[in-house]
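Q: Sequence first, predicted model second:
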Amino acid sequence: MNVTKHDTFPITLPIKKIIRETPHVKTFVFAYDLKSRPGQFINIWIPRVDEKPMSIAYDSGKGEFWLTIFAVGGMTKKLHEMKAGDRVGIRGPFGKAFQYEPGDHLITVGGGYGAAPLYNLAMEASSKKCTVDFIVGARSKEHLLYTDRVKKIKNTKLHIATDDGSVGVKGYNTPILEKLIAEMKKTVAGRKKLKKTIVFAVGPEVMMKRVSDICFKEKVACQVSVERYMKCGFGVCGNCCLDDTGITVCTEGPAMDHKKARKNSDFGVAHRDAVGRKHLY
């Protein structure tokens, strides 16, 4: 295991810009060459408050990265009170990134703020001549993230589902995935040449488990982003271990093949808190 000073000690960065996404979600822009890939995460630290792992919403590869954060707990609410110019600590990037090849066909399935890291993936994939079907779901129109940005990505088609039907398909986003897979199989049956298809899911774990079930049944490649309570970022503390395999999510994930995630009894069922107590989803 290679642990660098950059991993163990945070660098302090000023917030370059803050973008209001929804009443409870903001995007924090930093001017720094993070050198990350879609699917990885960083730890963000506010002195005397807390440090939390966060997905990377966008990395330009040219000295700028974004974090899109929902104000849900004490640390993130404190972050939402900060202004451009305020400084935070950043460690990382950590973990494994999503895997695909140039020219592949990607189907991304995002639930809630899972749309943000999938935007990062779609942006990179588009630059590598991939085609993307971008599925996103939320409770209502007001909770959708990144849809306007996704519409601007080359070779990317946006599909929306909302629980209340305020925009897009009414209901969950997974029936859209089932429909796309069915259409894909018809294309194969019609003997048309088709690119390799991989499904990528980020969002609530119950949703990702449903995505995995669909892909497992239909024999479609799938990768999921598994979230656990990650602290150290490099596999030492053991806080993010999965039942029953004991793999550490911060090093073996967050992005992992869904078949690997399915070997763990807690996938889609439960997670552990900061002191190891198990909570059902």
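A: Here it is on my side, so go on.

Q: how many neighbours does residue 70 have?
A: Residue 70 has 18 neighbouring residues, counting by other Cβ atoms under 10 Å. Where you see a C-beta, it was placed from the backbone N, CA and C, and this is true even at glycine.

Q: Can you give me the distance of it to residue 112?
A: According to Cβ to Cβ, to the nearest Å, residue 70 and residue 112 sit 8 Å apart.

Q: which residue sits closest to residue 151, ignoring its sequence neighbours?
A: residue 158 (5.7 Å; Cβ to Cβ, 6 or more residues apart in numbering).

Q: partner strands of the helix or strand hosting the one you found, parallel or antiparallel?
A: If you go by DSSP states H and E, residue 158 is part of strand 156-162. Sheet pairing of strand 156-162 (DSSP bridges) gives strand 131-138 (parallel), strand 169-170 (parallel).

Q: still on that earlier bit, what count of nearby residues applies to the residue nearest to residue 151?
A: Neighbours of residue 158 (other Cβ under 10 Å): 18.

Q: Quickly list what it is bridged to.
A: residue 134.

Q: That one: what's it in contact with?
A: Taking Cβ atoms under 8 Å, 6 or more residues apart in numbering, we find residue 158 in contact with 134, 136, 147, 150-151.

Q: farthest-separated two in those residues?
A: Put simply, by Cβ to Cβ the two of those set farthest apart are 136 and 151, 11.3 Å from each other.

Q: neighbour count winner among those two?
A: More crowded of residue 136 and residue 151, by other Cβ under 10 Å: residue 136, with 27 against 11.

Q: In contact with that one, which residues?
A: When contacts are counted by Cβ under 8 Å, 6+ apart, residue 136 touches 110-111, 115, 118, 144-147, 150, 158-161, 173.

Q: got a winner among those residues for most neighbours?
A: Most surrounded of the contacts of residue 136: other Cβ under 10 Å gives residue 118, at 32 neighbours.
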